[in-house]
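1. Let me see the structure of the following:
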Amino acid sequence: MMLSSLLQRAAAASLPGTPIHESPPPNDGGLRGGPVPQLYSEAQLCLPETMGRPAEASGIVGDLLDAGSSEARVRLVRGMLHAIGFEWLGYGTLTYLRGQPWPLSFFTGYANREWAQRYFSQRHYEVDTRYRDAPASSLPLLWDIDQLEASPVNPDASGRRRRFLDDFRANGIRSGLFLRLASPTHVNEHTVISLSSSAPSRGWITDSVVGQSLMLGLSVHEYLSRHARVPAAPPAARAEMSGMSTTQQYILEHLLQGRSDKEIAYRLHLSAHTVDYHMRQLRRRFAARNRVQLVNAATQSPYAESNFGTIEQT
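-> Numbers count the residues shown, from 1 in each chain. The predicted structure is shown next:
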């Protein structure tokens, strides 16, 4: 249902034919020290133990579930990407804090891994105008390097935007399709799907290419969000979280989704005083002096001793 409705809306829109060790860049006035996203690959997914595809899975989703191994799924998706005209597919989730994108997770299985490593180590998402320019209606944004270069940006961030575009070129990425989907269950959380190509201009991305791209991208979204699961946090992380009260865990979850204290109090049926008390306890627990530090510390801490946050070398 979601796939067919998005395809109809796209057609109606009349679109034109290894651990990261690098030092982060200066902040340039944004939120200091952005989060480390949870990076995971095909080999780390937990698939259903039952044999065969679910009754509702068909098409590309069914083919992914029927594939006998993670390597077979990677070959399958890469083959479909090349048939359309793209080389890579990026898939991730993010939230917004003070209007700035904060990545939560990123799936490396079909992406340009060198680019992904550089993108997050250098926090390029802070100057990536595609998050701002992608339609909120879930329609795709067609982009190329020239368009990104012409997109307005804060003068204080112009040097970082130049490095961002130079890294795009250095990794052979020139054009693509960028799609942002609002989460149906988490306010202020979005799924981002990005198909990238070495073609120098977006002019090659026709209506037919857009339709095939949406079909592939949304099928990958359904496969990853409905039929595959990211492994749970390691025992050390679960032990760390278990030391919190249930109320504190709920408050922290809402905080990481970008909600204000007032929103948290309303959703959890708590008084403002109670939320403030638990926020102070959480800041003490994570040795954070303010809200931004708490978000950053809580985002990084659960995965500190896991394999997440690294990109496997192949």
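2. Pull the residues that contact stretch 261-275.
-> Under the contact criterion CB atoms under 8 Å, 6 or more residues apart in numbering, stretch 261-275 has outside partners 187, 247, 250-251, 254-255, 259, 276, 279. Placement of C-beta: from N, CA and C, glycine included.
3. if you set the cut-off to 7 Å instead, what comes out?
-> Contacting residues not belonging to stretch 261-275 are listed as 250-251, 254-255, 276, 279 [CB atoms under 7 Å, 6 or more residues apart in numbering].
4. Run a quick neighbour tally on residue 68.
-> As a burial measure, residue 68 scores 7 neighbours (other CB atoms under 10 Å).
5. check which helix or strand covers it.
-> Assigned by DSSP states H and E, residue 68 belongs to no helix or strand.
6. hang on, the earlier thing: now, the contacts of stretch 261-275 that are in helices?
-> Using DSSP state H, 250-251, 254-255, 276, 279 are the members of these that sit in helices.
7. Kindly present the contacts of stretch 261-275 as TSV, with separate columns for pLDDT.
-> As requested, these are exported to TSV (pLDDT from 0 to 100):
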residue	pLDDT
250	77
251	86
254	79
255	83
276	93
279	93
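8. nearest to residue 224, of those residues?
-> Set against residue 224, the nearest of those by CB to CB is residue 254 (23.7 Å).
9. Could you identify the most distant pair in the ones in helices among the contacts of stretch 261-275?
-> Maximum distance among the ones in helices among the contacts of stretch 261-275 (CB to CB): 15.0 Å, for 250 and 276.
10. Which one's more surrounded, those two?
-> Using other CB under 10 Å, the more surrounded residue of residue 250 and residue 276 is residue 250, with 16 against 13.
11. now the more buried one: how far from residue 196?
-> Separation of residue 250 from residue 196 (CB to CB, to the nearest Å): 38 Å.
12. quick one: the strands in this protein?
-> In the chain, the segments counted as strands under DSSP state E are 38-40, 88-97, 100-107, 141-144, 175-182, 189-197.
13. and the last one, C-alpha only, in PDB?
-> Below are the C-alpha coordinates for strand 189-197, written out as PDB (Å, rounded to 0.1, in the frame of the first residue of the first chain):
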ATOM      1  CA  GLU A 189      12.300  10.500  13.100                       C
ATOM      2  CA  HIS A 190      12.900   9.900   9.400                       C
ATOM      3  CA  THR A 191      14.200   7.100   7.200                       C
ATOM      4  CA  VAL A 192      16.500   8.300   4.400                       C
ATOM      5  CA  ILE A 193      17.000   6.400   1.200                       C
ATOM      6  CA  SER A 194      19.700   7.600  -1.200                       C
ATOM      7  CA  LEU A 195      20.600   6.100  -4.600                       C
ATOM      8  CA  SER A 196      23.900   7.500  -6.000                       C
ATOM      9  CA  SER A 197      25.600   7.400  -9.400                       C
END
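14. ok, and what's touching that strand?
-> 81, 85-95, 112, 173-183, 213, 217, 221, 257.
15. what about 8 Å?
-> Under CB under 8 Å, 6+ apart, the answer for strand 189-197 is 81, 84-96, 104, 112, 115, 130-131, 173-183, 204, 213, 216-218, 220-221, 225, 257-258.
16. out of those residues, which are buried?
-> By neighbour count, with 16 or more other CB atoms under 10 Å, those hold 81, 84-95, 104, 112, 115, 130-131, 173-181, 213, 216-218, 220-221, 257-258 as buried.
17. which stretches of this protein form helices?
-> 2-12, 59-66, 70-84, 113-121, 130-133, 145-150, 158-170, 207-222, 235-242, 246-256, 261-268, 272-285, 291-300.
18. quick one: the second one to helix 207-222, angle?
-> Pointing back at helix 59-66 there. In terms of direction (axes from the mean of the first three to the mean of the last three CA atoms, to 10 degrees), helix 59-66 departs from helix 207-222 by 40 degrees.
19. again with the fourth one
-> If you take the same axes, to 10 degrees, helix 113-121 sits at 70 degrees to helix 207-222.
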